[in-house]
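In: Structure of the sequence below:
(one chain, ligands or ions: 2)
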Amino acid sequence: MNECAPRDFATVRLSPADRKVIEHLAAQLSGTDPDTEVGRYVLQAQLLAAGLPARVRTALLRFRQDGDARGGILLRGLPLGQVPPTPEDADRGGGLRLLAAHVLSLVVGVVGEQFGFLPELSGRIVQDILPVSGFEDTQHSISSRALLELHCETAFTESRADFVALLCLRADPERRAATLVSPVRESLARLAPATVELLREPRFVTTVDGSFLRGSGIPGPVTVGPISLLGGSADHPRMRCDFAETKGTDPLAREAVSALHEAASASAHAVRLCPGDLLLVDNHSAFHGRTSFIRHGEGRDRWLLRGFVARDLARSIVNRPGAGRIIDIDYEKAASGAAPNRAAAAAT
Ligand SMILES: O=C(O)CCC(=O)C(=O)O
Ligand SMILES: [Fe+2]
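Out: Ligands and ions are numbered 1, 2, ... in the order given. Predicted coordinates:
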């Protein structure tokens, strides 16, 4: 009995035979560079994904098609290959070329298209999520001491991921860190109908996460909006909100965000990821976050690999220079309403 995940979370447990098959497929990706040959790499991963065990493909395709009441699905017992000591820095792509990164790319190749964001973690399609010195108390994914507030990933942009994949390479030594997954439907059921209706109105703004402005030269916060937080249907809500970044523009809207925050916190499920666990979260129908934990340094810290996945990459074409897989938004223009990418801006 594994105490790392709650029993009621949708879980696919891999057998030793499954692991062997997946390891063999992942090894075939090592000949293509995920940075300099990113298009080829993703295509290769998607082709190889056809060879994943049918049980795994079925669970992933069902999740893509129908979603899940918990807003996420957990694959448990994936092969990782050699895992070196946890790097001190998340910006150097320490995990990008590991066998584990190929495993992540294979799995997400079943549900969509991998992509990255500049300058967040250098725009790689597989990012290192690990605690970094100096960021302990921030709301960045590389924090540790602070609770990482519930959020939809990159709520500030229409080009956000449909799914976020988190593959655990190493748990924190104390096993304190838990990833939080909070299904939007559960939150909405806790709110007054008038509050739910208000969330559908464009009475909110959201700021661009600080980690996306690093090195951009933009001094202050960049605010996007007005936006509505809720779309979709009652059964299939689509949420766009980050409790560290999103605010109401009037008193009633601010109250609605507070009520939603309280409801989302009460609806959160804690998943303690173990090495070899991959959590795939639906970024529209669930919030996610993380509890606090301790950073030690010395190579034994918690280490996750993260991937952003779009169902349809064409949706973000305006933000992808050269039609590549890396989004590069001009955040100052985005804030003023227009959102051309840097390449388009330079051409005019
Ligand atoms: O560390 C975690 O469990 C989740 C962090 C997170 O929200 C992210 O990397 O997007
Ligand atoms: Fe996140």
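In: Alongside ligand 1, which residues does the stretch 151-300 of the chain contribute?
Out: Residues of the stretch 151-300 of the chain lying close to ligand 1 by Cβ under 6 Å from any ligand atom are Glu153, Val164, Leu166, Thr179, His288, Arg290. In this view, the C-beta of every residue, glycine as well, is placed from N, C-alpha and C.
In: any weak-confidence spans in this protein?
Out: 1-8, 120-121, 215, 334-348 (pLDDT under 70).
In: go again using 80 as the cut-off
Out: Low-confidence segments of the chain, defined by pLDDT under 80, are located at 1-9, 119-122, 211-212, 214-217, 219-220, 331-348.
In: just the helices in the stretch 51-200 of the chain please.
Out: 54-66, 99-108, 184-189, 193-199 (DSSP state H, counting those that start in this stretch).
In: Out of the ones you listed, which one sits most buried?
Out: helix 99-108 (a mean of 26; mean count of other Cβ atoms under 10 Å).
In: So that one, near ligand 1 or not?
Out: No. Helix 99-108 lies apart from ligand 1 when judged by Cβ under 6 Å from any ligand atom; the minimum separation is 12.8 Å.
In: Packing partners of that helix?
Out: helix 16-27, helix 38-48, strand 163-170, strand 278-282, strand 303-310 (3 or more Cβ pairs under 8 Å, 6 or more residues apart in numbering; DSSP states H and E).
In: nearest to Arg325, of those?
Out: helix 38-48 (5.1 Å; Cβ to Cβ).
In: what are the C-alpha coordinates of the closest one, in CSV please?
Out: Written as CSV, here are the backbone C-alpha positions of helix 38-48 (Å, rounded to 0.1, in the frame of the first residue of the first chain):
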residue,chain,number,x,y,z
VAL,A,38,12.3,20.3,-30.8
GLY,A,39,9.8,19.8,-33.7
ARG,A,40,11.4,16.5,-34.7
TYR,A,41,11.6,15.4,-31.1
VAL,A,42,7.9,15.9,-30.4
LEU,A,43,6.9,14.3,-33.6
GLN,A,44,9.1,11.3,-32.8
ALA,A,45,7.6,11.1,-29.3
GLN,A,46,4.0,11.2,-30.7
LEU,A,47,4.9,8.4,-33.2
LEU,A,48,6.5,6.2,-30.4
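In: Verify the contact between Pro275 and Leu167 for me.
Out: No. In this structure, Pro275 is not within contact of Leu167 by Cβ atoms under 8 Å, at 9.3 Å.
In: These two: which is more packed in?
Out: When neighbours are counted by other Cβ atoms under 10 Å, Leu167 comes out ahead of the other of Pro275 and Leu167, with 30 against 16.
In: Could you work out which of the helices of the stretch 51-200 of the chain reaches nearest to Gly232?
Out: helix 184-189 (8.7 Å).
In: Let me know how buried the spatially closest residue to Ser105 that is not a sequence neighbour is, in neighbour terms.
Out: Closest residue in space to Ser105, ignoring its immediate chain neighbours: Ala45 at 4.0 Å, by Cβ to Cβ, 6 or more residues apart in numbering. Neighbour count of Ala45, defined by other Cβ under 10 Å: 27.
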